[in-house]
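Novice: sequence? don't have it. structure:
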């Protein structure tokens with residue numbers, strides 16, 4: 001086996017798995033090392049020493065890899081608001097992929113496996129498949145078989161977009177060993193590849209904490225904004241974990257400490273300009289200047305156009321983008337990973353020793369010296385900070401209630417720095433069996449703009465009721481929010497002005513940025529039974545859903561079973577008895593007529 005790949009050193013092997021695809025005898029398989037990274041293993045009985053694997057290995061044949069021209073640099077994002085928000089930067093990948101699929105082509109890219117505990121490269125030809133490969137994964141994707149699949153599609157005349165890390169671009173180029181006019185290479189600005197084993201342990205601990213299996217993972221979620229690097233994990237029992245870059249253990253171990261990086265990433269040969277193979281390169285435009293607060297919240301992509309083919313592709317998707325010319329001088333300061341490798345430390349060895357016997361969070365903590373004592377000290381500092389605020393207290397906050405609900409009550413479960421802020425006129429009654437999950441921003445109860453007013457704000461949660469307050473809210477003076485026995489309320493950030501009443505018998509959902517004006521009534525039930533001739537109840541409870549960015553102006557009633565689509569505006573004195581499509585203006589009193597379906601509004 002003198003000519004085979006079995007002797008490749010760890011610092012050179014990227015784990016691209018191309019060698020197995022190119023072996024004509026199926027002699028190459030892969031084994032995981034103690035860090036969870038795979039490396040090639042050659043079956044001596046099958047190997048004929050043909051040398052195909054070694055001859056095409058990109059890391060062993062750097063001189064044969066073609067490089068592109070110096071890139072043109074742009075800042076860009078998708079004009080489609082939903083695409084931009086649901087993507088991890090500016091939505092450029094999705095816009096490129098959509099162009100291929102709508103032009104009878106396909107996309108080869110990375111998706112999560114069904115249990116979200118691994119990632120794999122797949123080939124997709126429809127928008128449903130494109131949704132699956134959208135977004136950052138932050139750990140190594142299994143690329144076994146993708147090289148064969150792409151070649152098969154190219155030879156059949158399909159237009160193909162191949163996406164991955166720069167080392168994947170080199171591997172595909174070496175595998176094909178010729179130019180294809182119908183193949184487009186798209187890489188991303190890669191910091192490093194992380195261990196699949198470490199990611200499995202991260203999710204394993206979360207599943208134990210939340211008592212259910214993972215049902216969805218989104219890294220770089222934008223609930224707290226593009227720059228928060230928030231990790232959102234949902235579970236089969238309806239629970240959700242969402243933590244930003246400072247509180248999520250996975251991000252802290254990766255971004256700040258390089259605890260689970262592949263060995264070859266410390267010696268990466270592909271952090272170069274011009275780029276290797278890729279017609280276009282995309283990433284986050286970290287450090288960009290002079291942008292609006294909205295754009296910095298929603299995400300901005302950096303786009304490097306590395307070839308004539310890349311320029312033609314950009315022109316095809318340009319109508320779907322907001323785009324401006326930039327420069328490498330502007331892009332490089334916020335994206336040092338374009339050219340610089342991470343640096344290996346002994347912390348990584350310590351982490352993989354710890355993970356054999358401890359949960360993920362403790363392994364990160366011990367390896368980075370974030371000890372229990374330091375975490376307690378940090379918590380005490382925060383409490384002292386809020387104590388000083390309470391002593392000065394220019395806002396009319398009730399000190400006793402503040403400390404009780406934030407530091408004593410066991411049924412208010414807080415994540416990160418979120419607090420329950422009770423003003424003096426707040427009346428709070430949460431049954432001991434009820435649960436209030438508070439995440440993101442503060443929940444303010446009894447905001448009182450009228451000096452010396454006695455108007456009370458009521459929050460009542462009866463037995464076994466659950467409120468997932470996912471990004472805080474503001475309940476102004478003289479409002480009522482009540483959850484009946486066993487009721488569930490899921491909400492993004494919303495505000496409810498004076499005189500508004502929300503009563504939940506069973507289930508209600510508010511999206512992000514819902515605004516309730518004065519005297520709004522929202523019920524999911526009639527609360528009193530009416531019976532048919534057979535004595536059966538005929539007025540059952542029906543869930544209410546108010547989607548993102550909806551404005552209920554004033555004196556409005558929303559009845560049970562209604563869904564109000566995102567971006568809608570409901571005018572004064574209107575009753576909503578049926579579903580409202582997205583971006584609608586509804587007026588007309590009790591009839592609630594749709595008078596427009598293209599509304600845009602701002603707070």
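Specialist: Here it is on my side, so go on. All values reported here derive from a predicted model rather than from experimental measurement.

Novice: Where does the prediction get shaky in the stretch 351-500 of the chain?
Specialist: By pLDDT under 70, the low-scoring segments of the stretch 351-500 of the chain are 370-395, 449-452.

Novice: show me where it has strands.
Specialist: 412-414, 420-422, 426-430, 435-438, 443-447, 457-461, 466-469, 473-476, 480-483, 488-491, 494-496 (DSSP state E, counting those that start in this stretch).

Novice: what about the nearest residue to residue 341 once chain neighbours are set aside, how many residues close to it?
Specialist: Nearest non-adjacent residue to residue 341, counting by Cβ to Cβ, 6 or more residues apart in numbering: residue 268, 5.1 Å away. The way it works is simple: take the backbone N, C-alpha and C, and place the C-beta from them, glycine included. A count of nearby residues for residue 268, using other Cβ atoms under 10 Å, gives 24.

Novice: what residues are up against residue 268?
Specialist: Applying Cβ atoms under 8 Å, 6 or more residues apart in numbering, we find residue 268 in contact with 166, 167, 190, 192, 341.

Novice: From residue 166, how far off is it?
Specialist: Applying Cβ to Cβ, to the nearest Å, the value for residue 268 to residue 166 is 8 Å.

Novice: Identify the contacts common to those two.
Specialist: residue 190.

Novice: how about the contacts of residue 268 in TSV, adding neighbour count?
Specialist: Converted to TSV, the contacts of residue 268 look like this (neighbours: other Cβ atoms under 10 Å):
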residue	neighbour count
166	25
167	27
190	19
192	19
341	17
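
Novice: from the residues you listed, which is closest to residue 587?
Specialist: Among the contacts of residue 268, residue 190 lies closest to residue 587 (Cβ to Cβ), at 51.6 Å.

Novice: per-residue pLDDT, the closest one?
Specialist: Note on residue 190: pLDDT of 95.

Novice: show me the contacts for the residue nearest the centre of the chain.
Specialist: By Cα atoms, centre = their mean, the chain has its centre lying nearest to residue 221, at 2.5 Å. Going by Cβ under 8 Å, 6+ apart, residue 221 touches 228, 230, 231, 232, 242.

Novice: which residues touch the first one?
Specialist: The one in question is residue 228. Here residue 228 is in contact with 221, 222, 244, 245 (criterion: Cβ under 8 Å, 6+ apart).

Novice: so the last one touches residue 251, yeah?
Specialist: Read it as residue 245. Yes - Residue 245 lies in contact with residue 251 (Cβ atoms under 8 Å); the separation is 4.8 Å.

Novice: which neighbours do these two share?
Specialist: residue 229.

Novice: longest strand in the protein, by residue count?
Specialist: Longest strand in the chain, counting residues (DSSP state E): strand 514-523.

Novice: Identify the neighbouring strands of the helix or strand following that strand in the sheet and state each direction.
Specialist: Later in the chain than strand 514-523, the nearest helix or strand by DSSP states H and E is strand 544-546. Sheet pairing of strand 544-546 (DSSP bridges) gives strand 507-510 (parallel), strand 563-564 (parallel).

Novice: Among the contacts of residue 221, name the ones in strands.
Specialist: The members of the contacts of residue 221 that map onto strands under DSSP E are 230, 231, 232, 242.

Novice: what about the closest residue to the last one other than its chain neighbours, how many neighbours?
Specialist: Spatially, and ignoring its direct neighbours in sequence, residue 242 is nearest to residue 232 (4.4 Å; Cβ to Cβ, 6+ apart). Burial measure for residue 232: 19 neighbouring residues, criterion other Cβ under 10 Å.

Novice: ok, residue 406 - how many residues close by?
Specialist: Residue 406: 18 neighbours (other Cβ under 10 Å).

Novice: what stretches of the stretch 1-150 of the chain score poorly on pLDDT?
Specialist: Residues of the stretch 1-150 of the chain that meet the cut-off, pLDDT under 70, sit at 1-4.

Novice: show me where it has strands.
Specialist: Using DSSP E, counting those that start in this stretch, the strands of the stretch 1-150 of the chain run over 28-32, 38-42, 72-78, 106-112, 119-124.

Novice: which stretch among those strands comes nearest residue 203?
Specialist: Using Cβ to Cβ, these put strand 106-112 closest to residue 203, at 10.5 Å.

Novice: name the helices or strands packed onto that closest one?
Specialist: helix 92-102, strand 119-124, helix 127-133, helix 146-155, strand 160-164 (3 or more Cβ pairs under 8 Å, 6 or more residues apart in numbering; DSSP states H and E).

Novice: from what I can see residue 463 touches residue 429, true?
Specialist: No - in this structure, residue 463 is not within contact of residue 429 by Cβ under 8 Å, at 11.6 Å.

Novice: Leaving out the residues flanking it, which one is nearest to residue 282?
Specialist: Closest to residue 282 by Cβ to Cβ, 6+ apart is residue 92, at 5.1 Å.

Novice: what about that neighbour, how many neighbours?
Specialist: 29.

Novice: residue contacts, it?
Specialist: Here residue 92 is in contact with 76, 77, 78, 282, 301, 303, 321 (Cβ under 8 Å, 6+ apart).

Novice: ditto for residue 326
Specialist: 73, 74, 75, 285, 288, 302 are the contacts of residue 326 under Cβ under 8 Å, 6+ apart.

Novice: hang on, the earlier thing: among the contacts of residue 268, which are in helices?
Specialist: Assigned to helices by DSSP state H, the following of these qualify: 166, 167.

Novice: tell me which of the contacts of residue 268 is nearest to residue 405?
Specialist: Distances from residue 405 to these, taken as Cβ to Cβ, are shortest for residue 192 (42.1 Å).

Novice: looking at it, that closest one is touching residue 261, isn't it?
Specialist: Yes - between residue 192 and residue 261 there is a contact under Cβ under 8 Å: 4.5 Å.

Novice: Between those two, which contacts overlap?
Specialist: Shared contacts of residue 192 and residue 261 (Cβ under 8 Å, 6+ apart): residue 342.
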